[in-house]
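Asks: need the 3D shape of this:
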Amino acid sequence: MNVLERLRQSFAAATPEGGDPAAFASAVRPSTDAKFGDYQANGCMALAKAQKKNPREVASEVAERVDLLPLAGKPDVAGPGFLNVRLEDPWIVDQLRDLLNDATLGVAPAKQPKTVVVDFSSPNVAKPMHVGHIRSTVIGDSLSRILAALGHKVIKDNHLGDWGAQFGMILWGWKNHRDEANYATDAVGELARLYRLTNAKITAKEPGVEDAARAETAKLHADDPENVALWHQFMPECLSALTAIYDRLGVTFDVQLGESFYNPMLAEVVQDLESKGLSEQSEGATVVFIDREKAPFIVRKKDGAYNYATTDLATIQYREETWQPDQVLYVVDSRQGDHFKQLFAVAKRWGYERADLQHVAFGTILGADRKPLKTRAGDNVGLESLLDEGIAEALKVVKENSPDLESEEHVRVAEVVGLGAIKYADLSQNRLSDYVFDWSKMLAMNGNTGAYLQYAYARSQSIFRKGGLTPEGIREQRPTIFITSPAERALGLRLLRLSETLELAASELKPNILTDYLFDLANAFSTFFEECPVLKAESTERRDSRLALVDLTGRTLKFGLGLLGIDVIERM
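Replies: Below you'll find the predicted structure:
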């Protein structure tokens with residue numbers, strides 16, 4: 001049940017002559033202030049301006065024409081031509097009662113489900129994951145969950161960096177500077193040390209190192225037996241370390257196809273581009289020009305080696321042939337924007353234009369100095385150590401706020417709260433923005449934090465425990481629901497907005513639309529909790545009505561947080 005969509009359909013049908021029904025309907029939005037009703041239709045002013053009419057007269061005409069029953073009565077004309085819509089209380093009550101025993105909480109499957117490939121996380125396997133990977137990982141995971149909840153077929157693809165120049169650097173380091181003892185105790189740590197060592201030598205322009213590392217990459221790509229054997233030796237260790245991180249985060253993938261998987265396809269990709277006259281030679285390299293005034297898209301370097309561009313084209317081809325996706329989402333740092341513009345343009349020219357290819361860009365995590373978050377040594381903060389720190393910080397908060405819990409329970413709750421805080425702090429930002437990483441704000445028990453929402457859920461469950469009741473028992477009774485107080489009505493109204501929120505988050509590919517909704521819901525629940533006695537209500541009927549609202553709130557919070565990849569706890 002999408003309330004906003006139903007209202008938009010009604011306003012589209014009432015669009016004045018000469019107006020665009022789709023544009024007119026899209027101007028219907030939830031009100032930002034309850035004094036302006038529950039929803040507002042703001043399309044009359046733009047239409048009146050285009051037609052050189054009085055906007056209030058246009059609004060009055062629409063108000064008379066639009067049929068909103070049974071959702072709402074005739075809208076009120078306000079200001080220069082706004083239309084304020086207030087939903088009918090009996091209709092709200094009927095919808096809430098239906099929601100009480102609806103396992104989907106009113107979220108209907110998409111009328112036209114799509115097949116969507118979500119390409120996210122995508123670390124270089126030869127190095128430990130660092131803080132920069134958290135954004136792609138949690139944003140991609142959340143979008144996958146939201147799209148799946150709306151009935152779309154989602155394929156989660158972790159496009160691993162397991163074949164590029166970083167392996168050449170590790171191979172050179174292994175052959176010249178390895179520490180066998182370190183490798184035996186911490187294989188990934190030793191490989192990371194070798195990568196940093198080689199990279200430092202290249203940065204310092206130590207003679208011969210860069211060429212030697214590049215030669216090791218070329219030998220690997222040419223199936224050199226020694227390098228291929230080492231690659232097979234290193235890969236299980238690298239993948240095991242990645243799996244441990246993903247397990248902690250509760251993130252799974254349907255496929256994990258690395259660059260190595262696509263390597264056998266690259267020569268054919270370039271040959272096909274050449275045969276179709278799409279590529280040409282430029283300074284010894286094979287390139288595709290999108291705009292002659294800008295740098296070309298290189299698909300084969302002058303030394304004959306292929307690159308990320310070639311692999312990405314092979315990936316598009318493989319996905320089209322294997323899954324025929326309607327949409328492919330690349331959840332990748334905004335700094336890669338130019339690459340994806342070129343990639344999509346070349347793919348379209350190559351003939352792969354059926355799928356909607358989108359770069360889901362995101363900003364950078366900053367430290368207190370508003371520079372990219374680093375350790376004191378200037379390195380990227382390791383993701384595993386970040387998760388450990390989050391749980392340790394959460395444990396302090398949990399012990400302070402819940403001293404009555406057993407020590408084992410403290411640890412369990414801290415794990416859920418700490419990981420939830422990290423994810424929520426990221427997802428609650430507009431993904432295009434940079435944000436400052438701040439533990440004190442992330443773990444606050446009030447404000448727009450994961451901990452606050454988890455506490456709101458725990459509070460909903462505690463009400464049932466204190467009353468010796470169960471949510472299932474209330475659902476079986478199908479009690480009459482009353483929304484006679486402003487707090488009851490405000491909470492009930494927000495419970496009806498889950499479906500429209502998810503559809504908006506999916507269409508704009510922004511999980512923060514969901515976090516904003518959940519925070520608003522938790523605030524409405526807090527006001528309800530303070531103003532509307534539940535277990536001490538004036539009658540059994542009132543008590544059961546309010547318990548129904550408490551149950552719906554708890555379920556909606558749990559469901560919404562689950563779509564963010566965040567767990568809940570019954571007691572905090």
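
Asks: C-alpha from now on. contacts and neighbour counts both.
Replies: Fine.

Asks: tell me what the least confident helix or strand in the chain by mean pLDDT is packed against?
Replies: Within the chain, no helix or strand scores below helix 439-442, which has a mean of 84 by mean pLDDT, DSSP states H and E. Under the contact criterion of 3 or more C-alpha pairs under 8 Å, 6 or more residues apart in numbering; DSSP states H and E, the helices and strands touching helix 439-442 comprise helix 407-427.

Asks: residues of the helix it packs on that come out buried?
Replies: Along helix 407-427, the positions that meet the burial threshold by neighbour count (16 or more other C-alpha atoms under 10 Å) are 409-411, 413-427.

Asks: picking up where we left off before, what element comes up after the least confident helix or strand of the chain heading to the C-terminus?
Replies: Along the chain past helix 439-442, the next helix or strand (assigned with DSSP states H and E) turns out to be helix 450-467.

Asks: what angle sits between that following helix and helix 407-427?
Replies: Taking axes from the mean of the first three to the mean of the last three C-alpha atoms, to 10 degrees, one finds helix 450-467 and helix 407-427 inclined to each other by 130 degrees.

Asks: and the contacts of helix 450-467?
Replies: When contacts are taken as C-alpha atoms under 8 Å, 6 or more residues apart in numbering, the neighbours of helix 450-467 outside the stretch itself are 417, 420-421, 423-425, 442-446, 470-471, 518-519, 522, 525-526, 535, 547, 550-551, 553-554, 557-558, 568-572.

Asks: now the element after that helix, going C-ward?
Replies: helix 471-477.

Asks: any idea how far Y306 is from L171?
Replies: 19 Å (C-alpha to C-alpha, to the nearest Å).

Asks: what does A46 give?
Replies: With distances defined as C-alpha to C-alpha, the gap from A46 to L171 amounts to 63 Å.

Asks: follow-up on the earlier one: give the buried residues for the least confident helix or strand of the chain.
Replies: Buried residues in helix 439-442, counted by 16+ other C-alpha under 10 Å: W439, M442.

Asks: next one: stretch 271-283
Replies: Judged by neighbour count using 16+ other C-alpha under 10 Å, the buried positions of stretch 271-283 are L273, E274, L278, S279.

Asks: kindly report the same for stretch 208-219.
Replies: Neighbour-count burial for stretch 208-219 flags V209, E210, A213, R214, A215, E216, T217, A218, K219 (criterion: 16+ other C-alpha under 10 Å).

Asks: those into a markdown table, with extra columns for pLDDT and secondary structure?
Replies: Rendered in a markdown table, the data for the buried residues of stretch 208-219 read as follows (pLDDT from 0 to 100; DSSP: H, G, I helix; E, B strand; the rest coil):
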| residue | pLDDT | secondary structure |
| --- | --- | --- |
| V209 | 96 | helix |
| E210 | 94 | helix |
| A213 | 94 | helix |
| R214 | 90 | helix |
| A215 | 92 | helix |
| E216 | 93 | helix |
| T217 | 88 | helix |
| A218 | 86 | helix |
| K219 | 90 | helix |
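
Asks: do a quick rundown of the strands in this structure.
Replies: Per DSSP state E, the chain has strands spanning 28-30, 39-41, 76-78, 82-85, 115-119, 153-157, 280-282, 285-288, 297-300, 327-333, 356-362, 365-366, 435-436. These are given in chain order.

Asks: can you redo those as CSV with distance to A50 and mean pLDDT?
Replies: Putting the strands of the chain into CSV (distance: least, C-alpha to C-alpha, whole Å; pLDDT from 0 to 100) gives the following:
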stretch, distance to A50, mean pLDDT
strand 28-30, 18, 96
strand 39-41, 17, 96
strand 76-78, 19, 95
strand 82-85, 16, 96
strand 115-119, 38, 98
strand 153-157, 41, 98
strand 280-282, 49, 94
strand 285-288, 44, 96
strand 297-300, 43, 95
strand 327-333, 35, 97
strand 356-362, 32, 98
strand 365-366, 43, 90
strand 435-436, 40, 90
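
Asks: make TSV from those strands and add distance to V125 to it.
Replies: Output for the strands of the chain, formatted as TSV (distance: least, C-alpha to C-alpha, whole Å):
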stretch	distance to V125
strand 28-30	45
strand 39-41	49
strand 76-78	59
strand 82-85	54
strand 115-119	16
strand 153-157	15
strand 280-282	32
strand 285-288	28
strand 297-300	23
strand 327-333	16
strand 356-362	21
strand 365-366	21
strand 435-436	26
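
Asks: of those strands, which approaches S240 most closely?
Replies: S240 lies closest, by C-alpha to C-alpha, to one member of the strands of the chain: strand 153-157, at 17.3 Å.

Asks: now do that closest one against strand 327-333, angle only.
Replies: Calculated by the same axes, to 10 degrees, strand 153-157 forms an angle of 40 degrees with strand 327-333.

Asks: who's more crowded, Y306 and L171?
Replies: With other C-alpha atoms under 10 Å as the criterion, Y306 and L171 differ in neighbour count, and L171 comes out ahead with 29 against 21.

Asks: neighbours around the closest residue in space to F253 that isn't next to it in sequence, how many?
Replies: Of all residues beyond its chain neighbours, the one nearest F253 is K156 (5.0 Å), with distances taken as C-alpha to C-alpha, 6 or more residues apart in numbering. A count of nearby residues for K156, using other C-alpha under 10 Å, gives 22.

Asks: do G554 as well
Replies: 23.

Asks: contacting residues around it?
Replies: Applying C-alpha under 8 Å, 6+ apart, we find G554 in contact with A456, Y457, A458, S460, Q461.

Asks: quick one, phi/psi of R497?
Replies: Torsion angles at R497 (phi, psi; degrees, to the nearest 10) stand at phi -100, psi 10.

Asks: that one and E17: what is the separation?
Replies: When R497 is compared with E17 (using C-alpha to C-alpha), they lie 31 Å apart.

Asks: more neighbours: the two, which one.
Replies: With other C-alpha under 10 Å as the criterion, R497 and E17 differ in neighbour count, and R497 comes out ahead with 19 against 8.

Asks: from E226, how far out is that one?
Replies: R497 is 59 Å from E226, where distance means C-alpha to C-alpha.

Asks: for the least confident helix or strand of the chain, the distance to its chain's centre please.
Replies: When C-alpha coordinates are averaged (C-alpha atoms, centre = their mean, to the nearest Å), helix 439-442 and its chain have centres 20 Å apart.

Asks: let me know whether A12 touches A25 as I believe.
Replies: Yes - distance between A12 and A25: 5.0 Å, which falls inside the contact criterion (C-alpha atoms under 8 Å).

Asks: mind listing the residues bridging to Q327?
Replies: Listed by DSSP bridges, the beta-bridge partners for Q327 are V116, D356.

Asks: burial count for it?
Replies: Neighbour count of Q327, defined by other C-alpha under 10 Å: 17.
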